[in-house]
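Undergrad: here are the coordinates; sequence isn't available:
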């Protein structure tokens with residue numbers, strides 16, 4: 001049964017910040033030649049957005065969210081992510097149901113992670129360490145430095161049509177996609193998964 005937040009034991013504040021940075025990276029269309037170099041460049045741009053005084057304050061929250069989600073919607077591979085998360089339920093769904101699930105899952109990410117990431121960012125830094133590229137797949141390793149504590153973060157990317165798209169993120173070794181997949185696999189039915197997602201989107205909470 002769907003229950004508490006699947007990334008147990010990890011600060012939601014850190015998860016949210018990492019996801020916002022990841023989305024800004026994905027939204028820019030990473031060059032296929034060097035995932036790590038492009039991600040470093042995009043994190044610098046993300047810091048500019050997050051630290052822009054002109055976009056600070058609750059009165060600019062919607063504008064910030066719209067800017068980020070416009071990039072996310074265009075470049076982030078929500079279909080692949082949703083298919084992996086839904087696992088056994090995916091093939092049983094009609095095309096219309098699959099599209100509905102993708103929409104709901106992207107809204108979950110927007111409401112829970114993008115919103116909270118923007119609200120709770122407080123000067124965390126990202127330091128990139130290494131990359132491993134094998135064909136059309138890449139793994140980029142980094143740490144988020146938060147109040148002197150280093151949180152290991154790795155990004156999984158896939159290259160399609162000359163672009164790298166982020167399709168999963170692991171924080172302290174815990175995969176966001178795998179954890180949602182595990183959580184949904186314990187649900188009694190697809191209807192239960194939908195009910196949980198709809199409630200999370202409406203409330204902006206996953207706990």
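TA: In hand now; what should we look at? Since we're looking at a predicted model, the values are computed, not measured. Numbers count the residues shown, from 1 in each chain.
Undergrad: what's the weakest-modelled helix or strand in this structure?
TA: strand 30-31 (a mean of 50; mean pLDDT, DSSP states H and E).
Undergrad: the strands in the chain, which residues?
TA: Under the criterion DSSP state E, the chain carries strands at the ranges 30-31, 125-134, 137-146, 149-160, 163-171, 174-175.
Undergrad: do you know the pLDDT at residue 104?
TA: At residue 104, the predicted lDDT confidence score is 92.
Undergrad: revised request: answer the last question for residue 29.
TA: 48.
Undergrad: try residue 93
TA: On the pLDDT scale, residue 93 gets 94.
Undergrad: how about the contacts made by it?
TA: Residues in contact with residue 93 (Cβ atoms under 8 Å, 6 or more residues apart in numbering) are 86, 101, 190. Using the backbone N, CA and C atoms, a C-beta is placed for each residue, glycine as well.
Undergrad: tally up the residues packed near the closest residue to the last one other than its chain neighbours, please.
TA: Taking Cβ to Cβ, 6 or more residues apart in numbering, and ignoring the residues beside it in sequence, residue 190 has residue 89 as its nearest neighbour in space, at 4.8 Å. When neighbours are counted by other Cβ atoms under 10 Å, residue 89 registers 19.
Undergrad: for residue 190, same thing?
TA: Residue 190 - counted by other Cβ under 10 Å - has 17 other residues nearby.
Undergrad: right, and it touches residue 87 too?
TA: No - contact criterion Cβ atoms under 8 Å: residue 190 and residue 87 do not qualify, at 11.0 Å.
Undergrad: and residue 90, how far from residue 98?
TA: Distance from residue 90 to residue 98, counting by Cβ to Cβ, to the nearest Å: 7 Å.
Undergrad: spit out the residues that contact the two alike.
TA: Listed as contacting both residue 90 and residue 98 by Cβ under 8 Å, 6+ apart are 82-83.
Undergrad: of those two, who's got more company?
TA: The residue with more neighbours, out of residue 90 and residue 98, is residue 98; 18 against 15, by other Cβ under 10 Å.
Undergrad: which ones are touching that one?
TA: 82-83, 90.
Undergrad: what is the nearest of those residues to residue 180?
TA: Distance to residue 180, by Cβ to Cβ, is smallest for residue 82 among the contacts of residue 98, at 9.5 Å.
Undergrad: for that closest one, the count of nearby residues, please.
TA: Around residue 82 there are 20 residues (other Cβ under 10 Å).
Undergrad: ok, it touching residue 107?
TA: No - contact criterion Cβ under 8 Å: residue 82 and residue 107 do not qualify, at 11.4 Å.
Undergrad: residue contacts, residue 138?
TA: Shown in contact with residue 138 (Cβ under 8 Å, 6+ apart): 35, 131-132, 156-159, 164.
Undergrad: next one: phi and psi at residue 51?
TA: The main-chain torsion angles of residue 51 are listed as degrees, to the nearest 10 and equal phi -110, psi 10.
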